[in-house]
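Colleague: Sequence first, then the predicted structure, then my questions.
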Amino acid sequence: MIRILLAEDDDSMREYLARALERSGYSVKSVDRGTAALPLLEHESFDLLLTDIVMPEMDGIELAQRANVIAPNMRVMFITGFAAVTLKPGSTPPDAKVLSKPFHLRDLVLEVDRMFQVGSATEL
């Protein structure tokens, strides 16, 4: 089973995303900030880091950079509500994806499915 670490500071969004991904067959562990994700990355194995970019304490870009050192084979997908956020080349892991809010849950699941070449998303 594909394991996802979700870092999202908005409680309702985090629960909403985790539930949709779990319903689609993914194993999801979620945290409310980047600093809470680091110990999990050090002690557990994940296939995907799904992180908001703008969070308190540690933003998603810094989290992804640190995660890339800890788990270089883990994939990264950023979610953001700030269209003006641009990712500088070299500042994020190669092949990192960006999904801008608002998005439909089906779009998120389809993007994750594509990353792992899983069958198409179920109706959400």
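Modeller: Ah, there it is.

Colleague: From now on I want contacts and neighbour counts done on CA atoms only, so please keep to that.
Modeller: Will do.

Colleague: how about whichever strand or helix holds Val69 as CSV, C-alpha atoms only?
Modeller: Using DSSP states H and E, Val69 maps to helix 60-70. Presented in CSV, the C-alpha positions along helix 60-70 are these (Å, rounded to 0.1, in the frame of the first residue of the first chain):
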residue,chain,number,x,y,z
GLY,A,60,6.4,23.2,2.7
ILE,A,61,9.5,24.0,0.6
GLU,A,62,11.8,23.7,3.6
LEU,A,63,10.1,20.6,4.6
ALA,A,64,10.5,19.1,1.2
GLN,A,65,14.2,20.0,1.1
ARG,A,66,14.8,18.3,4.5
ALA,A,67,12.7,15.4,3.4
ASN,A,68,14.7,15.0,0.3
VAL,A,69,17.9,14.5,2.4
ILE,A,70,16.1,12.0,4.8
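
Colleague: So which elements touch the next helix or strand after it?
Modeller: Scanning the chain past helix 60-70 towards its C-terminal end, the next helix or strand to appear is strand 75-80 (assignment: DSSP H and E). Judged by 3 or more C-alpha pairs under 8 Å, 6 or more residues apart in numbering; DSSP states H and E, the packing partners of strand 75-80 are strand 48-52, strand 97-100.
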